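# Here is the input, now give the coordinates:
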Amino acid sequence: MGPGGLRRLFGHEAETDPMGLYERLRAEHGPVAPVLVNGDIPAWIVLGHRENMELARTPSRFSRDSRHWREMQEGKVPPDHPLAPLTTWQPIANLTEGEEHERYRKAITESMGRFDRRGIRRHVTRFANQLVDEFSADGRAELVSQFSEHLPMLAMTQLLGMPDEYGPRLVSAARDMLKGTETAVASNEYVVMTLRQTVANKREKPAQDFTTWLITHHSELSDEELEQHLRLVLIAAFETTANLITNTLRMVLTDHRFRANLAGGHMTLPDALEQVLWDEPPFITLLGRWATGDTELGGKPIRKGDLIISGLAAGNVDPEIRPDLSVPVHGNRSHLAFSGGPHECPGQDMARAIADTGIDALLARLPDLRLAVPEGELRWVSSIMSRHLVALPVEFSPHRAIAQGGTTGQTELPLTVATAGAPLPDAAVVAVAGVSEPQLRRSWWVRLLRSLRRH
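All right, here's what the predicted structure looks like:
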């Protein structure tokens, strides 16, 4: 317990058992609990599903503008504070409200809307095959470091128009930033410096990519606004998608509910992704919102300037809405994984597309993929905002690499330009039951099912 009996959202308890910590807080305080963040700064964490939605949907009471933060105004959150990269106010969509927020959000969503979604999926498949080529002949792999962390960054560097070789260092810097470590500020500076160079390159040599479209958008973003929004998109997409891929793969390999449903032909990969977004959301909390005045939430008195943290993972298992966690939630997208309200994640469908396309490609290549260690030996690491597997070791029958640099030999589709604002369709993944024989022969679902029946 921290000063005055408050629990910390950092340190041993939070890092080793965050879900247990949230349940202890729920038992002690109800849907909204007082806590301490780094530096023993007081805050509130919202644990209830309904209270989280109220928090997200009432920006007039709970603003994303960190300039309301009383402790920051009082100088208790210096520039080198571990949370500074995530909370220091910047001219950016997730830290503004009203007309300013609408201007920024429209620039992001309309630029994203110009991508050809088939081209995105084709590029993700190509990158996934390239990653699998690096270990397919070994018969063993560690999927977090060799697949899940690198695929989203490869995809995002492609979409932003950056060289592929930027990916590995950006993976390390992004993870460090989100952990809120002592080197988080330096890692943030590296990311910003890289994006600053990317903006300069695209001003000199425009191309058909997100960076160029953001530069030329009618909102006329400044260089600082461009850099910070590229940072927001890159980091959020990386962490969300890397964790979603890893958690879904773990579920495929270990969860008996998934195996049973797969055997009956009732669960598709999009179903599995949504189940994971309920049970293990990529971000377990979201920093932060700040009270614009004295108010109340979940029966607790909130003072003007208080920091309020969205407990996404805790809200998703709120017994008020999920009294039995063993019951699947297929087709239900009312989870908190992408927040809600005017600040709901604008790139959530792209995260789903990268995840289900990448996993589909991996399992098509390695249909007998299986966990290489007992499930109980899997280890997790947590920070204030995220929780992810340290490693996911697997084994499989060795396979040769695909020719021509990991491509499928099919004609490459361009990333450009679709109808602006066109919705991203769900993955074209079908259940085993009810598909034609040619589809069955090439379906990884069937190959995986046969493998699961053997193990």
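# Check the offset of stretch 366-378 from the chain's centre.
23 Å (Cα atoms, centre = their mean, to the nearest Å).
# Any buried residues in it, and which?
Under the neighbour-count criterion of 16 or more other Cβ atoms under 10 Å, stretch 366-378 has 366-369, 371-372, 378 buried. Every C-beta, even on glycine, is put in place using the N, C-alpha and C of the backbone.
# Same check on stretch 81-90?
Within stretch 81-90, the residues scored as buried using 16+ other Cβ under 10 Å are 81-88, 90.
# Then stretch 322-329?
Neighbour-count burial for stretch 322-329, with 16+ other Cβ under 10 Å as criterion, is recorded at 322, 328-329.
# Output those in TSV; the columns should cover pLDDT, secondary structure and distance to residue 168.
Listed next are the buried residues of stretch 322-329 as TSV, based on pLDDT from 0 to 100; DSSP: H, G, I helix; E, B strand; the rest coil; distance: Cβ to Cβ, whole Å:
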residue	pLDDT	secondary structure	distance to residue 168
322	94	coil	38
328	82	coil	37
329	83	coil	36
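# Kindly reformat these as CSV containing distance to residue 273.
Shown next, in CSV, are the buried residues of stretch 322-329 (distance: Cβ to Cβ, whole Å):
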residue, distance to residue 273
322, 18
328, 13
329, 12
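# so which of these comes closest to residue 383?
residue 322 (24.7 Å; Cβ to Cβ).
# For that closest one, give its distance to residue 275.
Distance of residue 322 to residue 275, given as Cβ to Cβ, to the nearest Å: 12 Å.
# And residue 137, by the same measure?
33 Å.
# quick one: which of the two has more around it?
Taking neighbours as other Cβ atoms under 10 Å, residue 137 and residue 275 compare with residue 275 leading, 23 against 10.
# Look at residue 60 and say how many residues are nearby.
Using other Cβ under 10 Å, residue 60 has 10 other residues around it.
# How about it, nearest residue that isn't a chain neighbour?
residue 292 (6.7 Å; Cβ to Cβ, 6 or more residues apart in numbering).
# Per-residue pLDDT of the one you found, please?
We have a pLDDT of 98 for residue 292.
# Pretty sure it sits against residue 58.
No. Counting by Cβ atoms under 8 Å, residue 292 sits too far from residue 58 to count as a contact (9.7 Å).
# before we move on, the earlier item: between the buried residues of stretch 322-329, which is closest to residue 241?
Looking across those and measuring by Cβ to Cβ, the closest to residue 241 is residue 329, at 20.6 Å.
# helix/strand/coil for the nearest residue to that closest one once chain neighbours are set aside?
Distances taken as Cβ to Cβ, 6+ apart place residue 278 nearest to residue 329, at 5.2 Å, with adjacent residues excluded. What DSSP: H, G, I helix; E, B strand; the rest coil gives for residue 278 is helix.
# what number of residues lie near residue 278?
For residue 278, using other Cβ under 10 Å, the count is 20.
# what do you get for residue 28?
When neighbours are counted by other Cβ under 10 Å, residue 28 comes out with 11.
# Could you do residue 20 as well?
Number of residues near residue 20 (other Cβ under 10 Å) recorded here: 11.
# which element is it on?
Assigned by DSSP states H and E, residue 20 belongs to helix 18-29.
# Likewise for residue 394?
Judged by DSSP H and E, residue 394 forms part of strand 393-395.
# do residue 33 as well
Going by DSSP H and E, residue 33 is part of strand 32-37.
# nearest to residue 47, of the buried residues of stretch 322-329?
residue 322 (12.9 Å).
# give the contact list for the closest one.
By Cβ atoms under 8 Å, 6 or more residues apart in numbering, residue 322 lies in contact with 278, 316, 329.
# Any idea how many residues pack against the spatially closest residue to residue 34 that is not a sequence neighbour?
Nearest residue to residue 34 in three dimensions, chain neighbours excluded: residue 6, at 5.5 Å (Cβ to Cβ, 6+ apart). The tally of other residues near residue 6 (other Cβ under 10 Å) stands at 16.
# In this structure residue 6 contacts residue 37, no?
No. Contact criterion Cβ under 8 Å: residue 6 and residue 37 do not qualify, at 10.3 Å.
# from the buried residues of stretch 81-90, which two are the most distant?
82 and 90, at 16.9 Å, using Cβ to Cβ across those.
# mind listing the strands in the stretch 151-300 of the chain by residue range?
According to DSSP state E, counting those that start in this stretch, the stretch 151-300 of the chain carries its strands in the segments 286-291, 295-297, 300-302.
# hang on, the earlier thing: in TSV: the buried residues of stretch 81-90, plus pLDDT and secondary structure.
As requested, those are exported to TSV (pLDDT from 0 to 100; DSSP: H, G, I helix; E, B strand; the rest coil):
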residue	pLDDT	secondary structure
81	88	coil
82	85	coil
83	88	coil
84	87	helix
85	79	helix
86	83	helix
87	91	helix
88	90	coil
90	86	coil
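# got the contact list for the closest residue in space to residue 365 that isn't next to it in sequence?
Leaving aside its sequence neighbours, residue 365 sits nearest to residue 132 (Cβ to Cβ, 6+ apart; 4.8 Å). The neighbours of residue 132, taking Cβ under 8 Å, 6+ apart as the test, are 147, 361-362, 365-366, 406.
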